[in-house]
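K.L.:
3D, please:
(2 chains)
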Amino acid sequence: MAELTLDSVTKIFTDDDGSDIIAVDDVNVDIPDGEFLVLVGPSGCGKSTTLRMIAGLETITDGEIRLGGERINEQPPAERNIAMVFQSYALYPHMTVKQNMSFGLEESTDMPDEKISEVVTESAAMMGIEELLDRKPSELSGGQQQRVALGRAIVRDPEVFLMDEPLSNLDAKLRSTMRTELQRLQEDLGVTTVYVTHDQTEAMTMSDRIAILNDGVLQQVGTPLDCYHEPNNEFVAGFIGEPSMNFFEMSVEGDRLVGEQFTYPISAATQDAIEGHENVTLGIRPGAISVDVGSMPADDHDFATVVDVVEPMGDEENVYLAFGDERGDEIETFVATVGGMQRLDSGQTAVAHIPESAIHLFDVTDGQALKNRDLEDLDEKDPHL
Amino acid sequence: MSQNESDGGLFEQSWSRISLYAFLLGMVVFYLIPIETGLATSLKTQEAFTGRYPYLPPLQGATFEWWSDAFFSLLDGLINSLILVIPATVLSGLFGSMAAYGLTTISWRGQVGIYSLFVAGIFIPYQAVLVPLTVFWYNIVPIQDWWLESVANGISVFGLFEIPSTFMFLGWELGFQPYHWQLISLIITHTAYGIPICALLFRAHYKKLPDEMVEAARLDGASIRRIYRRIILPLSVPMFAVVFIYQFTQIWNDLLFALILVQNNEAAVVTQQLVDLGTSQSGTNFPLRMAGAFIAALPTLLVYVVFGDKFAKGVAA
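P.N.:
Coordinates of the predicted model:
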């Protein structure tokens, strides 16, 4: 087991017509021993390419990857002591589960057959697939194949696990079960793990730290809650969190932010944070907005709105609100998440309270965060956290 | 009323059925009559054959004489053909599969260029290489000298073990014959000629194998050779059935290469012997030729029967 370091790692693909495509641009991440790091980003952001470079399946154009302090750029995949779980599981279809799991040990070690058989049976027991050992992959369900693929990686006792969207082919219920199981497994084994996904829920729930990539550029590395509450920029703020953060373009006019739909007064501290900016993007998490029916706007952070669409989820509801008193196709809405007991209906008027302590402000041009929400008074202001 | 309508419908339907079956029956007769004619002819005495329609069944003057005659006349040719076809089929399949693996599953610079040379190889007509081929085997490559020495002294395989020039196999005494060198040149020629088409067939198959599986094997520590041996080769079995049937039929039925490379009567393959079978100054013995043709065609049918179920899988894969 060892720590993994990506040092200014860059990958450039050269197209057939000679033009260069930068898939991964100067990515720096230190992954300490035993950490579960999730690489997350929209499709095509370079996260899989990064993973494949760590595995050795893709060459590294520039920069260095170190495993336990040792440069592994030039090592072939077989010598890196890394095990990978693929999205398609990539099981060998002509071999039984047992042969699938033994293959790596047979090819990469001098272990005698009895020892291999012992290790495989042990790992199979850990994954709960002992009774499947003599079956072929085609005779297994998707979930079982997934377990075999994990088992095949565990058997190798590698220094690093790489997982490329391993849960995306499973149905929703199985996925959440496997999520918990994977997390527990990783904690038990204590193996450094890099996990690639486009699903921010997976990223939030499983990881020790998240690394968010967009267009090949690393946006932020941090704990899930850091990324959620203190995003580096607008992209991270919008990518992490479900439903996404609401964004409004505002112009700065003294102690007020003026937008197309509403005007938002700001305190002196906030004014300092955005000094020198004429325009900012205001961001607010749906959960930070509280919605009240049957009252009048009481203070200047209360806004009169009308309920457009309600998405009940049981324990909570996503409510789409429009400023003013009209709703329709052309009128832009924003989302608020309210408790499931708060029964709202389409067409109802409501008062939305947007607390100043919970707002995020971003630079309009480069999206950098100018002000993130205050974390000190989280407990009082946000009933959903 | 509705009764009448449905009657009319049924009536019309049965007419279209009848004409369909009549057409199908016609096609069956059309396809089977040459085979039936051949079989009927091969079972008739020459007297029964002359002056009657050849497709009539051998009711009078039936005989199996021609079949046994033809078998014993063609026996040497059948043996020579087997000596040629089995190694040439296996080798071209194996090399074709290896080439396709190297050109498809492993990626390296310039492989498309090499692959297009393979494809071009498929389209070189046999006739275009006849003269160079003869010159190559008779004047350039000293295969004849090497073989004659081997027949005298046995073959040493890389100094590891010796194959004696005569050996026992299933109770038969087999031995290298001086004329076998012509079959060896034919084996190599057919192998070389078969590799491109085999590589093409295998490549289509290998392209469909998931990349991630090969990558998983690489991460598992398997070398390029081991991946071929343990992953790719076992998954190629259905395609090998396709290639074996195709190559076996192709090489077994070839006459042109054999005619120019085999100039020694003892080394003649079955297609060469079939040319001369039943022809003499006094005329052509058609029943004998017919029986010979069936005997010569039988092995390709057998191969199809043996590999048939795998063949279906390979074609569907």
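
K.L.:
quick one: what helix or strand has the residue in the stretch 201-350 of chain A positioned nearest to chain B in it?
P.N.:
Going by C-beta to the nearest C-beta, chain B is nearest to residue A:202 of the stretch 201-350 of chain A, at 19.8 Å. (C-beta placed from N, C-alpha, C; glycine too.) Assigned by DSSP states H and E, residue A:202 falls within helix A:200-206.

K.L.:
Go through that helix and flag the buried ones.
P.N.:
A:200, A:202-204, A:206 (16 or more other C-beta atoms under 10 Å in any protein chain shown).

K.L.:
Would you format those as CSV with pLDDT included?
P.N.:
Formatted as CSV, these follow (pLDDT from 0 to 100):
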residue, pLDDT
A:200, 90
A:202, 90
A:203, 91
A:204, 92
A:206, 91
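
K.L.:
Nearest to chain A: which residue in chain B?
P.N.:
For chain B, C-beta to the nearest C-beta, closest residue to chain A: residue B:221, 2.8 Å.

K.L.:
I'd assumed residue A:104 was in contact with that residue.
P.N.:
Yes - here residue B:221 reaches residue A:104: they are 6.1 Å apart, a contact under C-beta atoms under 8 Å.

K.L.:
Count the residues that sit near residue 131.
P.N.:
Using chain A here. By other C-beta atoms under 10 Å in any protein chain shown, the residues close to residue A:131 number 9.

K.L.:
sorry, should have said chain B
P.N.:
The number of residues near residue B:131, taken as other C-beta under 10 Å, comes to 10.

K.L.:
And the one 4 residues further on, by the same measure?
P.N.:
The burial metric for residue B:135, expressed as a neighbour count using other C-beta under 10 Å, is 11.

K.L.:
so which helix or strand takes in the residue lying closest to residue A:94 once chain neighbours are set aside?
P.N.:
Spatial nearest neighbour of residue A:94, chain neighbours left out: residue B:234 (4.6 Å); criterion: C-beta to C-beta, 6 or more residues apart in numbering or on different chains. According to DSSP H and E, residue B:234 maps onto helix B:233-235.

K.L.:
Show me what that helix is packed up against.
P.N.:
Using 3 or more C-beta pairs under 8 Å, 6 or more residues apart in numbering or on different chains; DSSP states H and E as the contact test, no helix or strand touches helix B:233-235.

K.L.:
Pull out the buried residues from the following helix or strand past that helix.
P.N.:
Remark: after helix B:233-235, the chain's next helix or strand is helix B:237-253, criterion DSSP H and E. Neighbour-count burial for helix B:237-253, counted by 16+ other C-beta under 10 Å, picks out B:238-252.

K.L.:
Any regions of the stretch 1-150 of chain A where pLDDT drops low?
P.N.:
Applying pLDDT under 70 to the stretch 1-150 of chain A picks out residues A:1.

K.L.:
doesn't residue A:60 make contact with residue A:73?
P.N.:
Yes - assessed by C-beta under 8 Å, residue A:73 is found in contact with residue A:60 at 5.2 Å.

K.L.:
Of the two, which one has the most company?
P.N.:
Using other C-beta under 10 Å as the criterion, residue A:73 and residue A:60 rank with residue A:60 on top: 20 against 14.

K.L.:
Contact partners for that one?
P.N.:
Neighbour list for residue A:60: A:9-11, A:53, A:73 [criterion: C-beta atoms under 8 Å, 6 or more residues apart in numbering or on different chains].

K.L.:
Tally up the residues packed near residue B:212, please.
P.N.:
When neighbours are defined as other C-beta under 10 Å, residue B:212 has 17 of them.

K.L.:
Need the three-state assignment for it.
P.N.:
helix (DSSP: H, G, I helix; E, B strand; the rest coil).

K.L.:
Skip the chain neighbours and tell me the closest residue to it.
P.N.:
With C-beta to C-beta, 6+ apart, the residue lying closest to residue B:212 is residue A:90, at 3.9 Å.

K.L.:
From residue A:83, how far off is that neighbour?
P.N.:
Relative to residue A:83, residue A:90 is positioned 12 Å away (C-beta to C-beta, to the nearest Å).

K.L.:
And for residue A:359?
P.N.:
Taken as C-beta to C-beta, the span from residue A:359 to residue A:83 is 44 Å.

K.L.:
Identify the residue nearest residue A:161 in space, chain neighbours excluded?
P.N.:
Nearest non-adjacent residue to residue A:161 (C-beta to C-beta, 6+ apart): residue A:193, at 4.3 Å.

K.L.:
Quick one: residues contacting the one you found.
P.N.:
If you count contacts by C-beta under 8 Å, 6+ apart, residue A:193 has them with A:35-37, A:160-163, A:186.

K.L.:
Out of these, which is nearest to chain B?
P.N.:
residue A:162 (8.5 Å).

K.L.:
At which residues are the helices of the chain located?
P.N.:
Chain wasn't specified; assuming chain A. Under the criterion DSSP state H, chain A contains helices at A:47-55, A:97-108, A:113-127, A:142-155, A:172-189, A:200-206, A:224-229, A:234-239, A:268-273, A:378-381.

K.L.:
Wait, chain B was what I had in mind.
P.N.:
B:2-42, B:46-49, B:65-104, B:111-122, B:130-135, B:143-153, B:180-207, B:211-219, B:224-227, B:233-235, B:237-253, B:256-261, B:270-276, B:286-316.

K.L.:
Which residue is the nearest non-sequential neighbour of the residue of chain A found nearest chain B?
P.N.:
The nearest approach of chain A to chain B comes at residue A:108, 2.8 Å away (C-beta to the nearest C-beta). Closest residue to residue A:108 apart from its sequence neighbours, by C-beta to C-beta, 6+ apart: residue B:221 at 2.8 Å.

K.L.:
and that neighbour, how many neighbours does it have?
P.N.:
When neighbours are defined as other C-beta under 10 Å, residue B:221 has 21 of them.

K.L.:
Look up phi and psi at it.
P.N.:
Main-chain dihedrals, residue B:221, degrees, to the nearest 10: phi 100, psi 10.

K.L.:
who's in contact with it?
P.N.:
Contacts for residue B:221 (C-beta under 8 Å, 6+ apart) come out as A:78, A:104, A:107-109.

K.L.:
for residue A:149, same thing?
P.N.:
A:85-86, A:89-91, A:166.

K.L.:
Around chain A, pick out the residues from chain B.
P.N.:
Within chain B, the residues that sit near chain A (C-beta under 8 Å from any C-beta of the partner chain) are B:210, B:212-213, B:215-223, B:226, B:230-231, B:234-235.

K.L.:
now do 6 Å
P.N.:
B:212-213, B:215-216, B:218-222, B:231, B:234-235 (C-beta under 6 Å from any C-beta of the partner chain).

K.L.:
Which of the residues you listed are buried, as a PyMOL select command?
P.N.:
Under the burial definition 16+ other C-beta under 10 Å, those of those that qualify are selected in PyMOL by:
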select buried, chain B and resi 212+213+215+216+218+219+220+221+222+231+235
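
K.L.:
Neighbour-wise, give me the winner out of the contacts of residue B:221.
P.N.:
residue A:104 leads the contacts of residue B:221 on contacts (other C-beta under 10 Å) with 25 neighbours.

K.L.:
Surely that one is in contact with residue B:220?
P.N.:
Yes - counting by C-beta atoms under 6 Å, residue B:220 is a contact partner of residue A:104 at 3.6 Å.

K.L.:
what is in contact with those two at once?
P.N.:
Residues touching both residue A:104 and residue B:220 (C-beta atoms under 6 Å, 6 or more residues apart in numbering or on different chains): none.
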